[in-house]
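Visitor: For reference, the sequence and a predicted model appear below.
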Amino acid sequence: MRATPIRNGQAVAALAFALALAPSQAVAQAIPDPSAQTGTDGLRGIATPAAATPGNAATGDASGGGGLDGGSSARAGASAFTGATRAGTGRIGGASSGINNRAPANLLRQRAAPPRRLGSATSAVTRQVTQIPPPDLRLSPVVQNPVVGVPLPVVAGSPGTLPLAGLSTPGAVLNAALRRPLAVDDAYAPLGLRLGTFTVLPSVQQSIGYDTNPEQVVNRAARSSLALRTEGDLNFRSDWSAHELAGELRAGYNTYPDNEAADRPNGAGNVRLRIDANRDTRIDVEGRFLVDTLRAGSPDLNATVAGRPIVASYGTTVGVTETFNRLQVSLRGLVDRSEFEDARLTNGTILSQADRNLNQYGLRMRAAYEISPVISPFVDVLGNTRVYDQRTDFNGIRRDSDGVTLSAGAVFALTRLVSGEVSAGFEHRTYDDPRLRDLTSPVVNASLIWTASPLTTVRLTAAAGIVETSLPGSSGVRTQAGTLEVQHDLLRNLSITVGAGYLASDYDRLAINERGFSATARLDYRFNRWLTMRGSYIYQQIDSSTSGSSFSGNTWLLGLRVNP
């Protein structure tokens, strides 16, 4: 008699009924060896048993199309659950081989097996960097900016914004102007060099052009000249899972073949080390430097010199930042040194400026609270003391002083379109010499970036504070400066940048004031990732109440920039 095909639900009911009738020992021993199974789907050899009836058991044979293997023969499928157990064999009656001897528990277990997993094990890094430096805790306090001279558009946080002990410099005309462009299109962005765990981005630029007043002297004494500008940049950053070492270094030299007295170097840079002590504690170390030259008509120089004396400033900051949930508190110590080169007068006499060399020691504390991911207000306190190498200057005045600066502001990033930092407060300085009265001045620092569109970006910076002076009778110089810069990408590899700056300097207790203006434009055309052609124009003007200190000038440059 041939068994008729049955549905899966009927098979399960039949198996359950047979399990209840069969001896437990026989069912346990009826589990087959998996190695004896054959087929293509992992369940081959398992057929749906026919109805467990005496008639089927007598035949010992069952065949039909209701098995799991799609119609294959299932011999002894019905007798496996009906006959008596053969003595001494442990097999269920009617089971002639282990390949078709299927216990219900084994069948259900294989039916419920999870699907096979496909693919290979992942090799992605699962460790996440949890120590991210907050943008509102800068190493370099910007309450003492070198803003005397023509202000040129720079980016806050760049090597140009350094705590230079109240240093007064005219600014590096060709080096500081628009010196940090925005990120370019990925197809033309320099890839840099991979050196161990560091990514290094070097660049070299050579420019040629024309300058109507390279010495920046009064217009009637100006001598125009061909201008040659050579400069090099080196940016680097580590690629460590924790900690970070990064830096930006820049140096250049201006050569004027028709007016060699105007030749001058300039440079700036900083190197930063971040140590992630633990999840909430960070240690920061920074080194910085600035090399520039003094303008011949500067009121502080107060002499007709041949050439431009070099002034250098360098310093370091060491600090620690602790995070308490949303509150961040940082404490930093600062040391800066400023040195002035002796000036050579037109008659060959050497004018010593050793009395202007000084050291500055400071301690700064900032507390910031993150109200939301888009805004973090902060309070900043800076105390410093300035100690000159000589007890008195050449006028017999002791210029050592102590100062304190209080400011409050916020770091914000609104809708990813406007971001930056703004702070305001006041600075008060007390001088050792009783002939120099205490000086108090507003302090403002602002750096804003507005992404007007995917192709246009606007940057605004502002600074106000007190810088040192060597003029007798004056305690210091109150300065205010602001810059505006707009960059627009005409093509993926063609961008134009325009900027303007304004300066106001007022000498305390003296009828000396200066008002300055600068405008600049630059066009960058990128041939590929490593070669860029750059054309620039700079206009500068300073109107001073001191005779012989006003000037104006125009500079045009065209050069090639190579990024290896």
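Guide: Sure, I can see it.
Visitor: so who does the residue nearest to residue 389 when sequence neighbours are not counted touch?
Guide: Ranked by C-beta to C-beta, 6 or more residues apart in numbering and with sequence neighbours excluded, the top spatial neighbour of residue 389 is residue 357, at 4.5 Å. (C-beta placed from N, C-alpha, C; glycine too.) Neighbouring residues of residue 357 by C-beta atoms under 8 Å, 6 or more residues apart in numbering: 338, 339, 340, 388, 389, 390.
Visitor: tell me, how many neighbours does the fifth one end up with?
Guide: Burial measure for residue 389: 12 neighbouring residues, criterion other C-beta atoms under 10 Å.
Visitor: re the thing from before, so which of the contacts of residue 357 is the most crowded?
Guide: Busiest of the contacts of residue 357 [other C-beta under 10 Å] is residue 338, holding 25 neighbours.
Visitor: about what we covered before: nearest to residue 422, of the contacts of residue 357?
Guide: Of all the contacts of residue 357, the one with the least separation from residue 422 (C-beta to C-beta) is residue 338, at 27.9 Å.
Visitor: I'd guessed that closest one sits against residue 311; true?
Guide: Yes: with contact defined as C-beta atoms under 8 Å, residue 338 counts as touching residue 311 (7.0 Å).
Visitor: Surely residue 220 is in a helix?
Guide: Yes: read with DSSP: H, G, I helix; E, B strand; the rest coil, residue 220 is one of the residues of a helix.
Visitor: which residues does it contact?
Guide: No residues are in contact with residue 220 under the rule C-beta under 8 Å, 6+ apart.
Visitor: and what of residue 506?
Guide: Residue 506 neighbours (C-beta under 8 Å, 6+ apart): 477, 478, 479, 512, 513.
Visitor: do the same with residue 457
Guide: Contacts of residue 457 (C-beta under 8 Å, 6+ apart): 182, 449, 450, 451, 486, 487, 488.
Visitor: For ChimeraX, what selects the buried ones among these?
Guide: Here is the ChimeraX command that selects only those of the contacts of residue 457 that count as buried (16 or more other C-beta atoms under 10 Å):
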select :449,486,487
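Visitor: Tell me which two of the contacts of residue 457 sit farthest apart.
Guide: It's 449 and 488 that sit farthest apart of the contacts of residue 457, by C-beta to C-beta, at 14.4 Å.
Visitor: re earlier: so which of the contacts of residue 357 are in strands?
Guide: When those are checked against strands (DSSP state E), the matches are 338, 339, 340, 388.
Visitor: Go through those residues and say which is closest to residue 499.
Guide: Once C-beta to C-beta is applied, the member of these that ends up nearest residue 499 is residue 338, at 27.5 Å.
Visitor: Quick check: bridge partners of that closest one?
Guide: In this entry, residue 338 is beta-bridged to residue 313, residue 358, by DSSP bridges.
Visitor: next one: residue 513
Guide: The partner residues for residue 513, given DSSP bridges, come to residue 506.
Visitor: Quick check, pLDDT for it.
Guide: On pLDDT, residue 513 comes in at 92.
Visitor: Just give the closest residue to residue 431, not the sequence neighbours.
Guide: residue 401 (4.6 Å).
Visitor: and the one you found, how many neighbours does it have?
Guide: For residue 401, using other C-beta under 10 Å, the count is 25.
Visitor: need the contact list for it.
Guide: Applying C-beta under 8 Å, 6+ apart, the residues contacting residue 401 are 385, 386, 429, 430, 431, 432, 436.
Visitor: A helix includes the first one, no?
Guide: No: counting by three-state DSSP, residue 385 is not found in a helix; it is strand.
Visitor: related to what we said a few turns ago, let me know the closest of the ones in strands among the contacts of residue 357 to residue 381.
Guide: For the ones in strands among the contacts of residue 357, the nearest to residue 381 is residue 338 (23.1 Å; C-beta to C-beta).
Visitor: List the beta-bridge partners for residue 447.
Guide: Counting by DSSP bridges, the residues bridging with residue 447 are residue 421, residue 461.
Visitor: ignore the last one, residue 404
Guide: residue 383, residue 428.
Visitor: rewinding a little: now neighbour count and distance to residue 271 too, for the contacts of residue 506, in JSON lines please.
Guide: Converted to JSON lines, these look like this (neighbours: other C-beta atoms under 10 Å; distance: C-beta to C-beta, whole Å):
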{"residue": "477", "neighbour count": "27", "distance to residue 271": "30"}
{"residue": "478", "neighbour count": "20", "distance to residue 271": "32"}
{"residue": "479", "neighbour count": "24", "distance to residue 271": "27"}
{"residue": "512", "neighbour count": "19", "distance to residue 271": "37"}
{"residue": "513", "neighbour count": "16", "distance to residue 271": "37"}
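Visitor: ok, which pair from those is furthest apart?
Guide: 479 and 512 (12.5 Å).
Visitor: show me where pLDDT drops low in the chain?
Guide: 1-183 (pLDDT under 70).
Visitor: what about the helices in this protein?
Guide: Remark: helices assigned in the chain by DSSP state H are 8-21, 24-29, 54-59, 104-111, 173-176.
Visitor: which among the contacts of residue 401 gets closest to residue 460?
Guide: So of the contacts of residue 401, ranked by how close each gets to residue 460 (C-beta to C-beta), first place is residue 429, at 27.7 Å.
Visitor: Tell me how far the closest one lies from residue 533.
Guide: 47 Å (C-beta to C-beta, to the nearest Å).
Visitor: and the two? which has more neighbours close in?
Guide: residue 429 (22 against 14).
Visitor: For residue 463, see how far away that one is.
Guide: Distance from residue 429 to residue 463, by C-beta to C-beta: 17 Å.
Visitor: hmm, back to that, dump the contacts of residue 357 to CSV, plus distance to residue 232.
Guide: Listed next are those as CSV, based on distance: C-beta to C-beta, whole Å:
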residue, distance to residue 232
338, 24
339, 23
340, 25
388, 34
389, 32
390, 36
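Visitor: Could you single out the nearest of these to residue 282?
Guide: Among the contacts of residue 357, and counting by C-beta to C-beta, the member closest to residue 282 is residue 338, at 28.9 Å.
Visitor: do you know how far the spatially closest residue to residue 549 that is not a sequence neighbour is from residue 560?
Guide: Spatial nearest neighbour of residue 549, excluding adjacent residues (C-beta to C-beta, 6+ apart): residue 297 at 4.3 Å. Taking C-beta to C-beta as the measure, residue 297 falls 33 Å from residue 560.
Visitor: quick one, which of the two is more surrounded?
Guide: residue 297 (24 against 14).
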